[in-house]
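> Let's see this in three dimensions:
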Amino acid sequence: MGSGVEAANDASCGEIVRGMGAEHVPNRSTLPFHSDESWAGDEIDALRLFLDDAIAMLPQLRAAYDGDRPDLFLYDIAGGPARLLATDWGVSAVQLSPTFVAWDGYEDDMAETVAAMKADPRGAEHYRTARAWVSDNGLPVDEGWFARPERGLVLVPRVLQPNADRVGPQFTFVGPCLAPRPEQGTWTRPADAEKVLLVSLGSTFTDHADFHRRCIAGFGELPGWHVVLQIGKSVDPAELGPVPESVELHSWVPQLAILEQADAFLTHGGMGGSVEGLWTGTPMIIAPQAVDQFGNADALVAAGVGRRVDSETVTATELRAALFDLAGSADVAGRSAAIRTELREEGGAARAADLIEVELARAVTTPAQRTEDLQRDQVEQRYRPGCWSFPPLIKGEPAGRTGEQPYLSAGWGTPG
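Numbering: from 1, shown residues only. So this is what the prediction gives:
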């Protein structure tokens, strides 16, 4: 990129950040990934976790960057503190969205859901706290402001974006930005495996020994099939009973490496797994459990690349039937391959970097030029609603900066 890059993230992410060639600016996240406990709770609980983390992160980031402000903040949807700082300091900012974004009419479409959340005392307190936080930092109270960035890059496939035809022009779909993951290790497909199935419920909602037992019963004795079963760190293998030789058990797997070689993928439908399944063209069985997984499951079914099951009630026999239906469908195979090709043609990380370079060049122009550019770009842009949610950010510049080299700051409100 030719620009200095710093990445603000939890101290535990230092090795990852430095491995990407950026300078790590450590901070302390309040999210519960530091503990061995599984995340629990509903959508309101999750929103409050991220809001509290954003509130705790802002003073840390302000202290880290106030003496040497970047030319551009690059932040993800949980990086609300980055946008607050960018607005306060008059610094340009670009949002990265690893999930779907608000569309024109979003506020009206979501009014019933938001009203239900506000009717819950926890939801009412969440919104009150969010309004006070924004107001205390000198901004007008607007519950949709965080979802309406001036610039945004969307890192998920269009098939996972609700109402994609109503997404505003300030957002650009660049597709998944997936980097090599040598630190996760590799996986080799067994030579005698005719077909491979990966079963993974992600990294958060994994404490489901009963579901894993049903998967073993449904898939463990299928002729020609080799099964890789990720059970997470909360499940003791002893809870699962006898395991056939055709089933590998792991607490963690290099998921993307396996999907590149797999014939089917049973996923919980989290955004990360859904994106990786589409990227590799792997047909999916989706067993959603929480938050955005239900919507993702419906989107994958509608895209013609998956079959949805109920993780609470599905039987071993029904799981087996879903796999046979999926693996035997030429239509599913065709759609999976077509979307895989589309995603790779969108440009991913290379295109995103090019667009960020454009914004960085614009950021170091004169204020008058910047105002003229914004006015021109916003002629067609309508006011767009959103919701209170907070993601990551970016900032950076190497030692010895001359003042002429653009300075990009990347900061995250969440780890990873």
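
> alpha carbons only for contacts and neighbour counts from here, please
Fine.

> from memory Ala193 sits against Trp225, does it?
Yes - if you go by C-alpha atoms under 8 Å, Ala193 and Trp225 touch, sitting 6.1 Å apart.

> And these two? Which one has more around it.
Trp225 (18 against 13; other C-alpha atoms under 10 Å).

> and Leu139, how many neighbours does it have?
15.

> how near is it to Val235?
Leu139 sits at a distance of 45 Å from Val235 (criterion: C-alpha to C-alpha, to the nearest Å).

> what about this protein, any weak spots by pLDDT?
1-3, 34-40, 203-206, 365-416 (pLDDT under 70).

> Can you name the residues that contact the residue nearest the centre of it?
For the chain, the residue sitting closest to the mean C-alpha position, by C-alpha atoms, centre = their mean, is Pro98 at 3.6 Å. Contact partners of Pro98, counting by C-alpha atoms under 8 Å, 6 or more residues apart in numbering, are 76-77, 154-156, 271.

> what do you get if the cut-off is 10 Å, keeping everything else the same?
Neighbouring residues of Pro98 by C-alpha atoms under 10 Å, 6 or more residues apart in numbering: 76-78, 153-157, 175-177, 271-272, 275, 391.

> you'd agree Val156 is up against Phe171?
No - with contact defined as C-alpha atoms under 10 Å, Val156 and Phe171 do not form a contacting pair (11.8 Å).

> Can you show me the strands along this structure?
4-10, 23-27, 72-76, 92-97, 152-154, 171-173, 195-200, 225-230, 247-250, 264-267, 284-286, 306-308, 393-395, 407-411 (DSSP state E).

> I'd like the ones you listed as TSV, with distance to Pro182 appended.
Shown next, in TSV, are these (distance: least, C-alpha to C-alpha, whole Å):
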stretch	distance to Pro182
strand 4-10	20
strand 23-27	19
strand 72-76	24
strand 92-97	24
strand 152-154	25
strand 171-173	27
strand 195-200	19
strand 225-230	19
strand 247-250	18
strand 264-267	22
strand 284-286	25
strand 306-308	29
strand 393-395	23
strand 407-411	22
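
> gap between Gly328 and Ser29?
Counting by C-alpha to C-alpha, the gap from Gly328 to Ser29 is 45 Å.

> Same drill for the two, tell me which one is more crowded.
Ser29 (23 against 11).

> List just the nearest of the contacts of Pro98 to Glu357.
Lowest distance from Glu357 to those (C-alpha to C-alpha) belongs to Leu153, with 12.7 Å.

> and the gap between the closest one and Ala303?
Using C-alpha to C-alpha, we find Leu153 at a distance of 22 Å from Ala303.

> Looking at the two, which one has more neighbours?
Comparing Leu153 with Ala303 by neighbour count (other C-alpha under 10 Å), the higher total belongs to Leu153, at 24 against 15.

> Please look at that one and Val167 and confirm they touch.
No - under the criterion of C-alpha under 10 Å, Leu153 makes no contact with Val167, lying 11.8 Å away.

> Mutual contacts of these two, please.
101, 173.

> picking up where we left off before, quickly list what's touching both of Ala193 and Trp225.
Ser246.

> pretty sure Arg131 contacts Val141?
Yes - between Arg131 and Val141 there is a contact under C-alpha under 10 Å: 5.8 Å.

> and the two? which has more neighbours close in?
Arg131 (17 against 14).

> need the contact list for that one.
Contacts for Arg131 were tallied using C-alpha under 10 Å, 6+ apart; they are 125, 139-143, 388.
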